[in-house]
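here's a sequence, model it:
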Amino acid sequence: MLVRRLHEPRRSATLLVVLLGLSSSFLAKAQEGTSAGNTSSRPSGIAASRADLLAMTPLWKGDRYPDGRPRVPDDLLRRMKEVKIEEAWDVLRQRGYDTQFASGWKMIHPDRPFVGRALTAAYLPGRPDLVDRVTQTGKQEGRIGPSNSWPIDMLQKGDVYIADGCGKVADGTLIGDNLGNAIHAKTGTGVVFDAGARDLDGLRQIEGFNACVRGWDPSFLKNMVLASINRPIRVGMVTVLPGDVVLARREGVIVIPAHLAEEVVVTAEVVALKDEFGHLRLREGVYTPGQIDVPWTAPIKADFFRWLKGRASRPPISDTEIEKHL
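Modelled structure (predicted):
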């Protein structure tokens, strides 16, 4: 077991326990779906188990992938692509999620937002004994090729591959255009790497692919080792869990817990409707800014719903739900 091989010194063991998600609470819950016996003495593997993922994301009550990762519906992902960073940020702050935004990225196509379900990976600076152990574990699990290709093999349509690479750019290039093509073929989206990438020209040519990285460098990945797949990671000052919704725009990347994705989308759509109505009535001179920029009176609400009824299209939100946000 990786952690048991590296139990000295204590601070190093603590770091590895966090990165590999091997807290005592996770291990206790990981007994679900396993055969009888002493599970605490068994290697955890590179990727989190279904029991680990269920334990990490108990607030998500919806559909899941077979491995246990939350599967936010495709329709919500489509609608999330129109959400502004500020709108998502406001909802998350109100729910106590204060550090879900990270900025300072190099983005291939700043004018093309992308969104998807997080598949997470963590990389550490390499050391021979750890590299040997990870390589051995990968072989035992039937994984193919170098370790930076293993998360790619697990990607599903609509995923965003998001990785902590310690912010390393030179010799920290997690993908080039070959792996970029493989990622896009599986997901149709892109990547967020707290690390570097190479082959910018080649990646730009992949239709529909986008990426947020810390920088571009011609080097190959060197002296880095994959530590985990689908366990909690840190990207900037954001904690990311598998199945979170990743929304990347030119301002930066915001990570939305799966169980809050619908609330973020609905709130943003109602705000957009209110703004559209308010701007229209202000241009028409029907109301003053002082009437629109405060909680609306009953007559203004009634006017809003009449306007909404005559609008050509509207988001799939009930009047009752909209009323909660007015």
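
every contact and neighbour count from this point should use C-alpha atoms.
Fine.

after the lengthiest helix in the chain comes which helix or strand?
Taking DSSP state H as the criterion, the chain has its longest helix at helix 261-284. Downstream of helix 261-284, the first helix or strand assigned by DSSP states H and E is helix 289-292.

point out where the stretch 151-300 of the chain drops to low pLDDT.
Under the criterion pLDDT under 70, no range of the stretch 151-300 of the chain is flagged.

just the strands in this structure please.
Taking DSSP state E, the strands of the chain run over residues 101-102, 106-107, 114-125, 159-164, 190-197, 210-216, 224-229, 233-235, 238-240, 245-249, 252-256.

what lines up beside the third one in the sheet?
Going back to what we said before, that points to strand 114-125. Under the criterion DSSP bridges, strand 114-125 sits next to strand 159-164 (parallel), strand 224-229 (antiparallel), strand 245-249 (antiparallel) in its sheet.

ok, Asn148 touching Leu174?
Yes. Between Asn148 and Leu174 there is a contact under CA atoms under 8 Å: 6.5 Å.

related to what we said a few turns ago, just the CA coordinates of the longest helix of the chain, formatted as CSV?
The C-alpha trace of helix 261-284 is given here as CSV (Å, rounded to 0.1, in the frame of the first residue of the first chain):
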residue,chain,number,x,y,z
ALA,A,261,-25.4,23.1,-10.0
GLU,A,262,-29.1,23.4,-10.5
GLU,A,263,-29.5,26.2,-8.1
VAL,A,264,-26.7,28.1,-9.8
VAL,A,265,-28.2,27.7,-13.2
VAL,A,266,-31.8,28.6,-12.2
THR,A,267,-30.6,31.6,-10.2
ALA,A,268,-28.5,32.8,-13.2
GLU,A,269,-31.4,32.3,-15.6
VAL,A,270,-33.8,34.3,-13.4
VAL,A,271,-31.3,37.1,-13.0
ALA,A,272,-30.9,37.2,-16.8
LEU,A,273,-34.7,37.5,-17.2
LYS,A,274,-35.0,40.2,-14.6
ASP,A,275,-32.2,42.2,-16.3
GLU,A,276,-33.7,41.8,-19.7
PHE,A,277,-37.1,43.0,-18.4
GLY,A,278,-35.6,45.8,-16.3
HIS,A,279,-33.5,47.2,-19.1
LEU,A,280,-36.4,47.1,-21.5
ARG,A,281,-38.7,49.0,-19.1
LEU,A,282,-35.9,51.5,-18.2
ARG,A,283,-35.4,52.3,-21.9
GLU,A,284,-39.1,52.7,-22.3
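
got the buried residues for that helix?
Within helix 261-284, the residues scored as buried using 16 or more other CA atoms under 10 Å are 261-262, 264-274, 277-278, 281.

relative to strand 245-249, how tilted is it?
Relative orientation of helix 261-284 versus strand 245-249 (axes from the mean of the first three to the mean of the last three CA atoms, to 10 degrees): 40 degrees.

show me what helix 261-284 is packed up against.
helix 74-80, helix 85-94, helix 298-310, helix 319-325 (3 or more CA pairs under 8 Å, 6 or more residues apart in numbering; DSSP states H and E).

how far off centre is the second one?
Centroid displacement of helix 85-94 relative to its chain, using CA atoms, centre = their mean, to the nearest Å, is 15 Å.

can you pull the buried residues of it?
Under 16+ other CA under 10 Å, the buried positions of helix 85-94 are Ile85, Glu87, Ala88, Trp89, Val91, Leu92.

do the longest one as well
The neighbour-count check on helix 298-310 (16+ other CA under 10 Å) flags Phe304, Leu308 as buried.

try stretch 136-146
The neighbour-count check on stretch 136-146 (16+ other CA under 10 Å) flags Thr137, Gly138, Arg143 as buried.

and the last one, what does it touch?
The reference is to Arg143. Trp150 (CA atoms under 8 Å, 6 or more residues apart in numbering).

let's see 10 Å
Each residue near Arg143 by CA atoms under 10 Å, 6 or more residues apart in numbering is listed here: Ile46, Thr135, Gln136, Thr137, Ser149, Trp150, Pro151, Asp153.

widest-spaced pair of those?
Greatest spatial distance in the contacts of Arg143: Gln136 and Asp153, 17.7 Å, computed using CA to CA.

I'd guessed Gly278 sits against Val294; true?
No. Counting by CA atoms under 10 Å, Gly278 stays clear of Val294, with 11.1 Å between them.

rewinding a little: can I get the helices and strands packed on helix 261-284 in a markdown table with distance to Met56?
Supplementary listing: the helices and strands packed on helix 261-284 in a markdown table, determined by distance: least, CA to CA, whole Å:
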| stretch | distance to Met56 |
| --- | --- |
| helix 74-80 | 21 |
| helix 85-94 | 18 |
| helix 298-310 | 40 |
| helix 319-325 | 29 |
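
lovely, talk soon.
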